[in-house]
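Student: sequence first, predicted model second:
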Amino acid sequence: WTVNIIKFFPKYKNRSAVLVMRLQLQLLLAFALLSVHSLKVPILTVHSSTARLRAPLFSTAPLTTSESPIGGESPIGGMSPDDSSYGFVEGPSVKYWLEYTAPRSRGLDNLREAASTAIAKARGDRRGVNYWSYHLARSTFFASQAVTGVLAFRAFGSDNSPPAKNLPGETNTLGSQSTSELVDTLGYLFAEAIATYSQDWEAVSANKLKLPWDMREGARNRQANPLYVMDQGRRFISESVAILSRRTRRDPNDIGVWADKSSLYPDYYLNNFHFQSDGWLSSDSAKVYETSTETLFLGRQDAMQRLALYSIASWVASRGVAADGEGLSVAEVACGTGRLNAFLRDNYPRCAMSATDLSPFYLEEARGHASRWESFYTRENGPGTVGSVSFAQANAEALPYETGSQDIVVCVYLYHELPHEARVNVSKELCRVVKPGGLVVWVDSVQTGDRPSLDGTLGNFQYLNEPHYPTYIKEDIAGIFTKEGMLPHEKHVASTSKCLSFVKPEA
């Protein structure tokens, strides 16, 4: 809406943009109030006096596991990894999120604060209007998806999924919170989303990163296509009923996928993480994945993934690499649906990109993202302006690249779904294939100590069928890479994601 108003009424662009954004925010606020009064189902619960996370949706009971993180500490109760001891150059985001609390104590106040922040940052800058109206529209959409999914589960899934007996120490909080607690929850989550967007926007406005390409494409992007939006809504609602039913039943027969263990698929991979249908091994799973995860994060996953670009930008500047990535070889390991891969190529369009994933279905989605980005970029900049791209099905523990063949290797959101031994093996491979002087960029969930206010409930994610998460949040990732001879480069944090980067010493 905002882009079209500015296009046809440029004289009134500032006034019209603000009016449209106010409309978006009013719809968001009205939807929030409707949601909490009708559903009474929180994603998390927030303490009303401190605006910090309090009652968990999932169990706080320890998870029995035979895994032992590096250093031998207990999976749940051991030491937290201490990234600061390795000498990373820490971006300002590390301290910001270490100390972060929502700006207000009440949910409605947080929503109003978020609205004021978004409007203030958008004023006077067309890119800002584009950026903030886009994110507000997406956050509203994903919030509506979350509520609709829960409603569908209550209507079609809950009667067929009697709750299993709680685990020791577990409290089932579904439907048990007051309206005020639910408003606080929603306000907290939207305040955190705005803080995450603000961080990404600062990098964009400082020209460290490009404005995301799908924002620049505007109405021609598939996210603006009503048919695509309706298809994603249909897929997500169906998947929500299935996921919430499995989560409620906790039936061992619901764990796993259709494929058998083989030389291609290790046993840890054959799990339906998040209770998602078919795990990573179906086209349906790949097509709904982005909508599912962005709904979980209320739209902020894109901004969190883009942390990978921070360290790349500083490394590229220090090495004198061409701004368009000419001559640069980049590999993304475990690329998933390829959304980040398109952001990487958009910022360095002439780089030679290669990407791997173990799922052929997710690779197909990644090829689709690559094709759509290439069509957009060449339409805007002319033919011959993009570098090559290739995709390969491969286990991250055995990459199909020559030793020392890649300038930059990126790996995002993989390690929390690996057992300890596989994390070590993947790290060795990332270090093997990067060139001397090259950069390894690692992004995944925050760990204990990164955001102390979340430490008490961070491990609860394991109960969404994430069996390796308890050891992951205690794993000394920097220790694994430095044991391979890598040098710490930078650390950045955005909401519930963190980025560590490492440079391979020159030969």
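Tutor: That came through, no problem.

Student: pLDDT below threshold where in the stretch 1-150 of the chain?
Tutor: Across the stretch 1-150 of the chain, the ranges flagged by pLDDT under 70 are 1-79, 104-105, 124.

Student: touching, A398 and K428? I think so.
Tutor: No - the criterion here is CB atoms under 8 Å, and A398 misses it with K428 at 10.4 Å. For every residue, glycine as well, the C-beta is placed using N, CA and C.

Student: out of the two, which sits in the more crowded spot?
Tutor: K428 (16 against 9; other CB atoms under 10 Å).

Student: let me know the pLDDT of the closest residue to the more buried one other than its chain neighbours.
Tutor: In space, and not counting its chain neighbours, K428 is closest to E484: 6.0 Å by CB to CB, 6 or more residues apart in numbering. Looking at E484, its pLDDT reads 97.

Student: equivalent analysis for the one 3 residues further on, please.
Tutor: Here, the pLDDT recorded for L487 equals 98.

Student: against T403, how distant is it?
Tutor: 18 Å (CB to CB, to the nearest Å).

Student: again, but for E192
Tutor: For E192 relative to T403 (CB to CB), the value is 41 Å.

Student: the two - which one has more neighbours?
Tutor: E192 (21 against 11).

Student: and the residue nearest the centre of the chain?
Tutor: Q301 (3.3 Å; CA atoms, centre = their mean).

Student: contacts only, for it.
Tutor: Applying CB atoms under 8 Å, 6 or more residues apart in numbering, we find Q301 in contact with 290, 293-294.

Student: which one (most neighbours) among these?
Tutor: Neighbour-wise, the contacts of Q301 (other CB under 10 Å) top out at E294, 21 neighbours.

Student: pretty sure it contacts M304?
Tutor: No - counting by CB under 8 Å, E294 does not reach M304; the two are 10.4 Å apart.

Student: okay, and P488 sits in which element?
Tutor: strand 487-494 (DSSP states H and E).

Student: now that strand: buried residues?
Tutor: Residues 488-494 are the ones in strand 487-494 that count as buried (16 or more other CB atoms under 10 Å).

Student: ok, now stretch 225-243?
Tutor: Buried residues in stretch 225-243 (16+ other CB under 10 Å): 232-233, 235-243.

Student: so which of the residues you listed belong to helices?
Tutor: 232-233, 235-243 (DSSP state H).

Student: where does I408 sit: helix, strand or coil?
Tutor: strand (DSSP: H, G, I helix; E, B strand; the rest coil).

Student: show the contacting residues for it.
Tutor: 312, 315, 328-331, 434, 438-441.

Student: okay, now L340: neighbour count?
Tutor: The burial count for L340: 26, using other CB under 10 Å.

Student: need the nearest residue in space to it, chain neighbours excluded.
Tutor: Per CB to CB, 6+ apart, closest to L340 is Q305, 4.6 Å.

Student: per-residue pLDDT, the one you found?
Tutor: Value listed for Q305 in the pLDDT field: 96.

Student: in the stretch 251-400 of the chain, which spans are strands?
Tutor: For the stretch 251-400 of the chain, strands defined by DSSP state E, counting those that start in this stretch occupy the ranges 329-333, 352-357, 389-393.

Student: of all those, which one is nearest E364?
Tutor: Judged by CB to CB, the one of these that comes nearest to E364 is strand 389-393, at 8.9 Å.

Student: direction included, what does the closest one pair up with?
Tutor: strand 352-357 (parallel) (DSSP bridges).

Student: centre of the chain to the strand it pairs with, how far?
Tutor: 19 Å (CA atoms, centre = their mean, to the nearest Å).

Student: got a list of contacts for that strand?
Tutor: 328-336, 338, 341, 344-345, 363, 366, 387-394, 396, 399-401, 406.

Student: one more pass at 7 Å, please.
Tutor: For strand 352-357, the external contacting residues (CB atoms under 7 Å, 6 or more residues apart in numbering) are 328-336, 338, 341, 344-345, 363, 366, 387-394, 399-400.
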